[in-house]
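Novice: quick one, fold the following:
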Amino acid sequence: MPLPSYVNEYVHGYTDEFDQQIQVIQAELLNLDLCQNQDAGIQMLVQATHTLYECSKSMGYKPLVHLTYGMGEILEYMRKGQIAVDTALTSILYHATDYLLLLRHTWLVGPIDSISIQPLFVLFEHIRQHNWISDELDVGRFTEQLGSKVK
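Specialist: The predicted structure follows:
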């Protein structure tokens with residue numbers, strides 16, 4: 001039995017919004033790397049991540065909800081000045097964005113539960129508990145592990 005047409009409209013609307021917010025996130029992460037207008041960029045990242053969180057929550061996409069929530073928490077720490085922005089932190093957020101894209105693709109073509117986002121949560125938890133000191137953590141090991149799963 002085919003899905004009602006309104007379901008397809010919701011899915012299409014969600015994917016359009018998802019794609020727009022991902023573009024904002026990618027552009028603002030690049031700006032953070034280039035140290036351009038960090039306060040405004042962080043605020044835009046917070047808003048884009050929150051939008052993705054709310055859209056994913058309304059559609060019931062739990063892995064996307066969990067990942068966007070985790071990203072949002074880290075971005076809030078950055079916005080409040082509780083953790084400093086550095087290259088390692090933006091690298092982790094780039095990887096999280098790659099995972100968002102991977103989850104989106106997987107959701108459209110296959111089982112979303114086949115992708116593990118657990119390594120990101122290990123990093124997010126470390127950041128939350130230790131106020132992010134990148135020298136204390138072997139970020140290269142984690143980003144290498146994440147990168148191998150995204151390819």
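Novice: where are the low-confidence patches of the protein?
Specialist: 1-8, 36-37, 110-115, 130-151 (pLDDT under 70).
Novice: would you map the strands across it?
Specialist: Ranges of strands in the chain, per DSSP state E: none exist.
Novice: helices of that one, residue ranges please.
Specialist: Here the chain has its helices, by DSSP state H, at 5-33, 38-59, 62-79, 87-109, 118-130, 139-150.
Novice: so which elements touch the longest one?
Specialist: Helix 5-33 makes packing contacts with helix 38-59, helix 87-109 when contacts are defined by 3 or more CB pairs under 8 Å, 6 or more residues apart in numbering; DSSP states H and E. The C-beta positions use only the backbone N, C-alpha and C, and glycine is treated the same way.
Novice: got the ones you listed as CSV, with distance to H12 and mean neighbour count columns?
Specialist: As requested, the helices and strands packed on helix 5-33 are exported to CSV (distance: least, CB to CB, whole Å; neighbours: other CB atoms under 10 Å):
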stretch, distance to H12, mean neighbour count
helix 38-59, 12, 18
helix 87-109, 11, 18
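Novice: and the ones you listed as CSV, adding distance to Y69?
Specialist: Below are those laid out as CSV (distance: least, CB to CB, whole Å):
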stretch, distance to Y69
helix 38-59, 6
helix 87-109, 11
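Novice: for L29, find the nearest of these.
Specialist: With CB to CB, the closest approach to L29 among the helices and strands packed on helix 5-33 belongs to helix 87-109: 5.6 Å.
Novice: from the chain's centroid, how far away is that closest one?
Specialist: Centroid displacement of helix 87-109 relative to its chain, using CA atoms, centre = their mean, to the nearest Å, is 6 Å.
Novice: kindly export that helix (C-alpha atoms) in PDB.
Specialist: What follows is helix 87-109, C-alpha atoms only, in PDB (Å, rounded to 0.1, in the frame of the first residue of the first chain):
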ATOM      1  CA  THR A  87      40.900  23.800  15.300                       C
ATOM      2  CA  ALA A  88      40.400  20.400  17.000                       C
ATOM      3  CA  LEU A  89      36.900  21.400  18.200                       C
ATOM      4  CA  THR A  90      35.800  22.600  14.700                       C
ATOM      5  CA  SER A  91      37.200  19.400  13.300                       C
ATOM      6  CA  ILE A  92      34.900  17.400  15.600                       C
ATOM      7  CA  LEU A  93      32.000  19.500  14.500                       C
ATOM      8  CA  TYR A  94      32.900  18.900  10.900                       C
ATOM      9  CA  HIS A  95      32.900  15.200  11.500                       C
ATOM     10  CA  ALA A  96      29.500  15.500  13.300                       C
ATOM     11  CA  THR A  97      28.200  17.300  10.200                       C
ATOM     12  CA  ASP A  98      29.500  14.500   8.000                       C
ATOM     13  CA  TYR A  99      27.700  12.100  10.200                       C
ATOM     14  CA  LEU A 100      24.500  14.100   9.800                       C
ATOM     15  CA  LEU A 101      24.800  13.800   6.000                       C
ATOM     16  CA  LEU A 102      25.600  10.100   6.300                       C
ATOM     17  CA  LEU A 103      22.500   9.600   8.500                       C
ATOM     18  CA  ARG A 104      20.400  11.600   6.000                       C
ATOM     19  CA  HIS A 105      21.600   9.400   3.100                       C
ATOM     20  CA  THR A 106      21.100   6.200   5.100                       C
ATOM     21  CA  TRP A 107      17.600   7.300   6.200                       C
ATOM     22  CA  LEU A 108      16.700   7.900   2.500                       C
ATOM     23  CA  VAL A 109      18.100   4.600   1.100                       C
END
